[in-house]
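> Turn this into a model:
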Amino acid sequence: MLIARTLPDLRDACARLRRSTDTLALVPTMGALHEGHRTLVRTGVAAGAAVAASIFVNPLQFGANEDLSRYPRDEEGDLAALEAEGCALAWLPDVQTMYPTGEATTIVVTGPAERWEGDARPGHFRGVATVCAKLFGQVRPDFAYFGEKDWQQLQVVKRMVADLLLPLSIVGVGTVRESDGLAMSSRNRFLTAEERARAPALYAVLRSMAGALAAGEAVANVLAKAADELSQRGFGIDYLALVEGAGLAPIDTLQPDARLIAAARLGSVRLLDNTGI
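Residues are numbered from 1 along each chain as shown. Next comes the predicted model:
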């Protein structure tokens, strides 16, 4: 596996890979890799691409009240995991490389970036869109792989790529879960043992909601009952909604691309999850 830490090294590595493959794929990450990230790399490799994975904890997507320094980091373990999955290139830029002194451009996104995480974390998707655009420009991949756990993020990146006519395809990969249903996340390690035991209830409630909606129960009733159940189980609910799958506008009747999305807190950990109907 090639490792690049500077832009000249990255350009050389990408040129080297392009000489030996028809397809280059990118898996953007912030490190602290788990099975979900490994699945993204594995999916790209299985598709026949040379896979580059970036590891960069992006300060622009952290809000004023979010602790950037608390985000878990494990470079040695991350590199070992990437190599084990057949990753061809690891890209590890520093902050100055990604955000040089004097730069004056960021990407402001609306549409699917509005509401939900957009309200809960002002400026978050500006950071996501900006860093993704930079990574796409640096690596020049044909495909980029993102997990469906962060459903709104996936739609934001798809919209940005379409609107800016960027020459790559965004591929969503299904959420990878623990055996009890909890969506894998780098932040799960901060759950206490008692919180970890309760955490799978979020997905269980979402699946129960999906079943009730598919059976014809009224959306408002399903949402109200689910919110009450989660509150009784100790979750602090940031949002729980039925939305359009691509645009994320709230809807009150089922449609083919409808998605249930949720963000809820257990202690200091904020859990995100979603499911189709």
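> Test my guess that Thr43 contacts Phe143.
No. Thr43 lies out of contact with Phe143 (CB atoms under 8 Å); the separation is 9.7 Å. From N, CA and C alone the C-beta is placed, and that goes for glycine too.
> Now do the shared contacts for the two.
Common neighbours of Thr43 and Phe143, using CB atoms under 8 Å, 6 or more residues apart in numbering, are Val171.
> which helices and strands sit right next to the top helix by length along the chain?
For the chain, the helix with the greatest residue count under DSSP state H is helix 124-139. Where contact means 3 or more CB pairs under 8 Å, 6 or more residues apart in numbering; DSSP states H and E, helix 124-139 is packed against helix 7-18, strand 24-29, strand 50-55, strand 89-91, helix 117-120, strand 143-147, helix 151-163.
> cutoff 7 Å now
Packing partners of helix 124-139 (3 or more CB pairs under 7 Å, 6 or more residues apart in numbering; DSSP states H and E): helix 7-18, strand 24-29, helix 117-120, helix 151-163.
> Deepest in the core, which of these is it.
When you average the neighbours per residue for each of these (mean count of other CB atoms under 10 Å), strand 24-29 leads with a mean of 26.
> just the angle between that one and strand 50-55, please?
Relative orientation of strand 24-29 versus strand 50-55 (axes from the mean of the first three to the mean of the last three CA atoms, to 10 degrees): 20 degrees.
> Number the residues from 8 up from this point.
All set: I'll call the first residue 8, so the last point we hit is now strand 31-36.
> Strand 57-62 and the helix or strand just after strand 31-36, what's the angle between them?
With elements assigned by DSSP states H and E, the helix or strand that comes after strand 31-36 is helix 42-53. Here helix 42-53 points in a direction 160 degrees away from that of strand 57-62 (the same axes, to 10 degrees).
> Show me which positions of helix 42-53 end up buried.
By 16 or more other CB atoms under 10 Å, the buried positions in helix 42-53 come out as Gly43, His44, Arg45, Thr46, Leu47, Val48, Arg49, Thr50, Gly51, Val52.
> Who are the contact partners of the third one?
Spelled out, that is Arg45. When contacts are counted by CB atoms under 7 Å, 6 or more residues apart in numbering, Arg45 touches Ala88, Glu92.
> swap in the one 4 residues further on?
For Arg49, the residues meeting the contact criterion (CB under 7 Å, 6+ apart) are Glu92.
> Quick one, grab the pLDDT at it.
At Arg49, the model reports a pLDDT of 98.
> mind checking how far Arg214 is from Val276?
Distance of Arg214 to Val276, given as CB to CB, to the nearest Å: 21 Å.
> Could you check which of those two has the larger neighbour count?
Val276 (17 against 14; other CB atoms under 10 Å).
> partner residues bridging that one?
Beta-bridge pairing of Val276 under DSSP bridges involves Leu273.
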